[in-house]
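1. Quick one: sequence plus predicted model below, questions after.
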Amino acid sequence: MSASFGLFRLQQVDSRISHIETRLAKIQEILGNDTELREALEQIKAAEADQHDSEQAQQKSEQEAHNQQIKIQQAESSLYGGSVHNPKELQDLQADIVSLKKHLGTLEERELEAMLKTEAAQNVLQTARTNMEKIQARLGNEHRQLLDEQASLMHDLKSQQSERSATINEVAAEMLATYEDLRIERRGVAVAEVSENSCGACGSTLSPAVQQSARRAAQLVYCPSCGRILYAS
């Protein structure tokens, strides 16, 4: 058995631990990220503001049309009430009524436009609220699934950490120190398995002598290219 056998087993465990920890960090990031909900809430607030403005504009246009109708009623009352007898004044009143009614038509068109804008704003607000409800329901399901996955991964992590402790006990202290240093230098991969006459980490072709040493040597054998510890089964 080669000197690197124990380190190769340790590398496998550490790789699994690294994978689990990476996934746990990602899950925590997702669970803590409320960007989608905040954006949906902002859409609701914007829609509520638009609806409020539309309703205010509609109320204003309705009041203006109402006031115009009162002016027309007052003018017609003067015209037909018998209080005015002067032909010139009667003619002026008739002209005023025509002008008032024409302007009323314009105001009623504005009132209709305002009503349509209010209706559109209400629809946008309802859509925003429905979207928020869907997001909350979906995220609720996704978060439950993530929490279940998180619990399972935490159990696996504990198991792998126990296995790591047991594996370390089988490795000489000097070799372990070398392994730990290489893990830091080589982005978490200190041991590479020989595969198809090549280093499994960097892909460099290995000479038969190096491969044989990796299988049998009592000392650690390193890849001539990347410097990782070589393991050959």
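-> Happy to help now that I have it.
2. does the residue nearest to Ser204 when sequence neighbours are not counted sit in a helix, a strand or a coil?
-> Nearest non-adjacent residue to Ser204, counting by Cβ to Cβ, 6 or more residues apart in numbering: Ser225, 3.7 Å away. The way it works is simple: take the backbone N, C-alpha and C, and place the C-beta from them, glycine included. Three-state assignment for Ser225 (DSSP: H, G, I helix; E, B strand; the rest coil): coil.
3. Distance check, Ser225 against Thr205.
-> Separation of Ser225 from Thr205 (Cβ to Cβ, to the nearest Å): 9 Å.
4. Who has more neighbours out of the two?
-> Regarding Ser225 and Thr205, a neighbour count based on other Cβ atoms under 10 Å identifies Ser225 as having more, with 15 against 12.
5. in the helix or strand containing Ile20, what's buried?
-> Applying DSSP states H and E as the criterion places Ile20 in helix 5-32. For helix 5-32, a neighbour-count test (16 or more other Cβ atoms under 10 Å) marks 5-14, 16-17, 20, 24, 27 as buried.
6. Kindly report the same for stretch 71-84.
-> By neighbour count on 16+ other Cβ under 10 Å, the buried set for stretch 71-84 is Ile72, Ala75, Glu76, Ser78, Leu79.
7. for the fourth one, what are its contacts?
-> Listed by Cβ atoms under 8 Å, 6 or more residues apart in numbering, the contact set of Ser78 reads Val84, Leu93.
8. Beyond the helix holding Ile20, next helix or strand please.
-> Counting by DSSP H and E, the next helix or strand C-terminal to helix 5-32 is helix 35-80.
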